[in-house]
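Visitor: this one's sequence-less:
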């Protein structure tokens, strides 16, 4: 017997939804959140976490412009490369933190993530 609530077949809907998201990864969830948050949302959230965030962002930008205008081309290129690598490392750390938080949330919610043994026919 299938459950029919609100004019639909909830068991069937549950099965279809599970099938749709079966290949969904933590990275997919993170990307969806990042896209939905946008730059302004990220700025607001970071500012709520750290009172100095917006001030520090402005300071970083100003310092970057000062460094680039005060040095020769070779040093400027090195500074740009350093900044690119720093940003890539920061992104990796953010993704790792999201993974940890996601896994912790699932554990706290009691979700069992162990692969289920396949039934023999």
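Guide: All right, it came through fine. Computed from a predicted model, the values in this text were never measured in an experiment.

Visitor: Residue 51 - that's part of a strand, no?
Guide: No. Residue 51 sits outside any strand when classified using DSSP: H, G, I helix; E, B strand; the rest coil, being coil.

Visitor: burial count for it?
Guide: Neighbours of residue 51 under the rule other Cβ atoms under 10 Å: 9. From N, CA and C alone the C-beta is placed, and that goes for glycine too.

Visitor: How about residue 30?
Guide: Neighbours of residue 30 using other Cβ under 10 Å come to 17.

Visitor: before we move on, which element is it in?
Guide: Using DSSP states H and E, residue 30 sits within helix 26-49.

Visitor: by contact count, what packs against that helix?
Guide: Counting contacts by 3 or more Cβ pairs under 8 Å, 6 or more residues apart in numbering; DSSP states H and E, helix 26-49 packs against helix 53-70, helix 73-108.

Visitor: For the last one, which helices and strands make contact with it?
Guide: Meaning helix 73-108. Other helices and strands packing on helix 73-108, by 3+ Cβ pairs under 8 Å, 6+ apart, are helix 26-49, helix 53-70.

Visitor: just the shortest one next, same as before
Guide: If you count contacts as 3+ Cβ pairs under 8 Å, 6+ apart, helix 53-70 packs onto helix 26-49, helix 73-108.

Visitor: relative to helix 26-49, how tilted is that helix?
Guide: Helix 53-70 runs at 100 degrees relative to helix 26-49, counting by axes from the mean of the first three to the mean of the last three Cα atoms, to 10 degrees.
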